[in-house]
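Q: Here's my sequence, what's the structure:
(one chain, ligands or ions: 1)
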Amino acid sequence: MDPRFEETTDVLRRTADHALAYLQTLHDRRVHPLTSPAEMRASLGGPLPDDGVPPREVVDQLVAATERGVVASAGPRYFGFVIGGALPAALAADWMTSAWDQNAVLYATSPAAAAAEMVVADWLLDLFDLPRGTSVGLTTGCQMANFTAIAAARRAVLAKRGWDVERDGLQGAPRIRIVVGGEGHVTIDVALQMLGLGTATAERVPTDDQGRMRTDALEAVLAAGDIGAPMIVCAQIGNVNSGASDDITKIAELVQRLDAGWLHVDGAFGLWARAVPELRLQLDGVEQADSWATDAHKWLNVPYDSGLVFVRDQAAHRGSMLMSAAYLVAGAADQRDPSSYVPESSRRARGFALYAALKSLGRKGVADLVQRCCSLAARLAAQLARAPGVEVLNEVALNQVLVRFGDDDELTRRTIRHVQEDGTCWLGGSTWQGKAVMRISVSNWSTTEADIDLSAEAILRCFAQAQGAQR
Ligand SMILES: Cc1ncc(COP(=O)(O)O)c(C=O)c1O
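A: Modelled structure (predicted):
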């Protein structure tokens, strides 16, 4: 055997053993590790060796050194942020992606990666029931999906006023009105920041008690300014705290009346509810938007990182991501150049893991996964709400639950801390309409009713401890 391959064989077999050993403990291990920055630095650190260490030893040492600092966020009782696990097929395809080490920049650099993106794009348009022919980009996450969509919007609304923003920039350009729901996700603000549109000039629309943009207020905001200005309206399905979705039918109706309007929908996790017939009702009208952003590393349970952007106007999408140089071989009409749809040049072939996730679940499997998480979130909410002093503050429309303890900020925060220290499950806190809350997100394919019951028990136990500590 070629000695270079011998070493590779040895280290990959060893790595598979390490990975399996880790995954076998994922369901039972303490969800959040007890470590400190100093401990982590010390176990991984030390000077860069003068001489290289053999690959097998590197991997053994890496696994041993990180053991106390790896969070079981891919496991069934991690309810923090909105974090999915890794479906077996997607994880395996992600391994192959590294083995193949494709650069998914051009068709020329990987016909297979380009084709996987095309197939996945068609599947997703079908699954979400978005307009066929919509162009699709595979991004690192929803942040870059929001960025890409708003870049396309910026190009399109300014082109309507005869302005080429890619060529001439924003200096001297017609002013764009940006309208965002008062509960818009922070990544919309970051996109505005990066695109030179600014955050302070965004017009914020008041929301209702679930965090949905109030459409009467939107109508008033639109009418209060120059209605003929180029305008980008950012709506959302799946509020990061409450899970509530804006009324896109009504919002789309208002935006369609504008002369140079664009409706963007941030559906980082909410868009997946379009795959569930029973949940479709709360997401009616979503197909009428101009662009959409979502994540596959959240509810589809593709390993990090994996986001998706969809833009109805293909020319605006590609025009805003333009890149050309003599040495970059542009693909023919039937050859997708993946980087034409995203801000990156050289990039990981994210299409393979997406392909594997979707194929292993099938249409029914995606719907089951999403529906199951929603049912489990409702089960957890019901168990908590039954206990005296515990209040669920949101309508559990999707997979998010907001819980308040003893109607008291300090008690709520202390309960969260106790749960985090307890280790049975992990969740974080937030502020909801001025009040401290515990936020729970059920987004993992492997979570069972038993995990939910165990977690409810742990949360209520920690609430009792927190009350004891207060007395
Ligand atoms: C509504 C919404 N938009 C955007 C994002 C950002 O996603 P990412 O961290 O994958 O970029 C999130 C993350 O939770 C979200 O909930």
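Q: Name the surrounding residues that touch the strand or helix carrying residue 22.
A: Using DSSP states H and E, residue 22 sits within helix 3-25. Defining contact as Cβ atoms under 8 Å, 6 or more residues apart in numbering, one finds that helix 3-25 is touched by 1, 54, 55, 56, 58, 59, 60, 63, 70. For the C-beta atoms, the positions are set from N, CA and C on the backbone; glycine is no exception.
Q: Compile the residues you listed into CSV and extend it with columns for distance to residue 327.
A: What follows is the contacts of helix 3-25, written out as CSV (distance: Cβ to Cβ, whole Å):
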residue, distance to residue 327
1, 37
54, 37
55, 33
56, 38
58, 35
59, 36
60, 41
63, 40
70, 41
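Q: and the helix holding residue 22, how far out from the chain's middle?
A: The chain centroid and the centroid of helix 3-25 are separated by 30 Å, computed with Cα atoms, centre = their mean, to the nearest Å.
Q: Just give me the neighbour total for the residue lying closest to residue 173 once chain neighbours are set aside.
A: Counting by Cβ to Cβ, 6 or more residues apart in numbering, residue 173 lies nearest to residue 163, which is 5.1 Å off, once chain neighbours are set aside. Neighbours of residue 163 under the rule other Cβ atoms under 10 Å: 19.
Q: Do I have it right that residue 163 meets residue 171?
A: No - with contact defined as Cβ atoms under 8 Å, residue 163 does not reach residue 171; the gap is 10.9 Å.
Q: among the contacts of helix 3-25, which ones are buried?
A: For the contacts of helix 3-25, a burial check counting by 16 or more other Cβ atoms under 10 Å picks out 59, 60, 63.
Q: Filter the residues you listed down to the ones in strands?
A: Among the buried ones among the contacts of helix 3-25, no member is found in strands (DSSP state E).
Q: mind giving me a markdown table with those and columns for distance to residue 429 and pLDDT?
A: Converted to a markdown table, the buried ones among the contacts of helix 3-25 look like this (distance: Cβ to Cβ, whole Å; pLDDT from 0 to 100):
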| residue | distance to residue 429 | pLDDT |
| --- | --- | --- |
| 59 | 36 | 98 |
| 60 | 37 | 98 |
| 63 | 32 | 98 |
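Q: between those, which is nearest the ligand?
A: residue 63 (26.5 Å; Cβ to the nearest ligand atom).
Q: now that closest one, nearest residue through space, not along the chain?
A: Using Cβ to Cβ, 6+ apart, the closest residue to residue 63 is residue 18 (4.8 Å).
Q: Just want to check the distance between that neighbour and residue 71.
A: According to Cβ to Cβ, to the nearest Å, residue 18 and residue 71 sit 17 Å apart.
Q: cool, residue 406 as well?
A: 28 Å.
Q: Which stretches in the chain count as strands?
A: 135-139, 177-181, 203-205, 231-236, 261-266, 291-295, 307-311, 390-392, 400-405, 428-432, 435-441.
Q: for those strands, which one sits closest to residue 100?
A: strand 135-139 (15.8 Å; Cβ to Cβ).
Q: isn't residue 150 right up against residue 193?
A: No - taking Cβ under 8 Å as the definition, residue 150 is not a contact partner of residue 193, at 10.7 Å.
Q: Residues of the stretch 101-250 of the chain that sit close to the ligand?
A: 141, 142, 143, 185, 187, 236, 238, 240 (Cβ under 6 Å from any ligand atom).
Q: Not counting residues beside it along the chain, what's closest to the last one?
A: Of all residues beyond its chain neighbours, the one nearest residue 240 is residue 185 (5.7 Å), with distances taken as Cβ to Cβ, 6+ apart.
Q: Pretty sure residue 39 sits against residue 65.
A: No - checked against Cβ under 8 Å, the pair residue 39 and residue 65 is beyond contact range at 9.9 Å.
Q: which of the buried ones among the contacts of helix 3-25 come close to the ligand?
A: Applying Cβ under 6 Å from any ligand atom to the buried ones among the contacts of helix 3-25, none is adjacent to the ligand.
Q: What residues sit buried inside the helix holding residue 22?
A: 11, 12, 14, 15, 22.
Q: What of stretch 224-243?
A: 229-243.
Q: same deal with stretch 110-123?
A: Those would be 110, 113, 114, 116, 117, 118, 120, 121, 123, for stretch 110-123 by 16+ other Cβ under 10 Å.
Q: just stretch 342-355 next, same as before
A: Buried residues in stretch 342-355 (16+ other Cβ under 10 Å): 342, 343, 344, 347, 348, 349, 350, 351, 352, 353, 354, 355.
Q: can that stretch be found next to the ligand?
A: No - applying Cβ under 6 Å from any ligand atom, one finds stretch 342-355 out of contact with the ligand, separated by at least 12.6 Å.
Q: For residue 462, which non-adjacent residue is spatially closest?
A: Going by Cβ to Cβ, 6+ apart, residue 462 has residue 418 as its nearest residue, at 3.6 Å.
Q: Could you pull up the contacting residues of the one you found?
A: Taking Cβ under 8 Å, 6+ apart, one finds 462, 463, 465, 466 in contact with residue 418.
Q: Reformat these into JSON lines and put distance to the ligand, pLDDT and neighbour count next to each item.
A: Putting the contacts of residue 418 into JSON lines (distance: Cβ to the nearest ligand atom, whole Å; pLDDT from 0 to 100; neighbours: other Cβ atoms under 10 Å) gives the following:
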{"residue": "462", "distance to the ligand": "24", "pLDDT": "98", "neighbour count": "23"}
{"residue": "463", "distance to the ligand": "26", "pLDDT": "98", "neighbour count": "26"}
{"residue": "465", "distance to the ligand": "29", "pLDDT": "97", "neighbour count": "17"}
{"residue": "466", "distance to the ligand": "27", "pLDDT": "97", "neighbour count": "22"}
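Q: Quick check: the farthest pair among those residues?
A: Applying Cβ to Cβ across the contacts of residue 418, the maximum distance is between 463 and 465, 7.3 Å.
Q: What pLDDT does the model give residue 436?
A: Note on residue 436: pLDDT of 98.
Q: Quick check: bridge partners of it?
A: In this entry, residue 436 is beta-bridged to residue 431, by DSSP bridges.
Q: Quick check: it touching residue 407?
A: No - Residue 436 is not in contact with residue 407 according to Cβ under 8 Å; the separation is 10.2 Å.
Q: higher neighbour count, these two?
A: Between residue 436 and residue 407, residue 436 has the larger neighbour count (other Cβ under 10 Å), namely 19 against 11.
Q: Distance of the more buried one relative to the ligand?
A: 19 Å (Cβ to the nearest ligand atom, to the nearest Å).
Q: contacting residues for that residue?
A: 404, 409, 410, 412, 413, 429, 430.
Q: Closest one of those to residue 336?
A: residue 430 (39.4 Å).
Q: which residues touch the closest residue in space to the closest one that isn't next to it in sequence?
A: Distances taken as Cβ to Cβ, 6+ apart place residue 439 nearest to residue 430, at 4.6 Å, with adjacent residues excluded. Contact analysis of residue 439 by Cβ under 8 Å, 6+ apart lists 241, 400, 401, 402, 403, 427, 428, 429, 430, 432.
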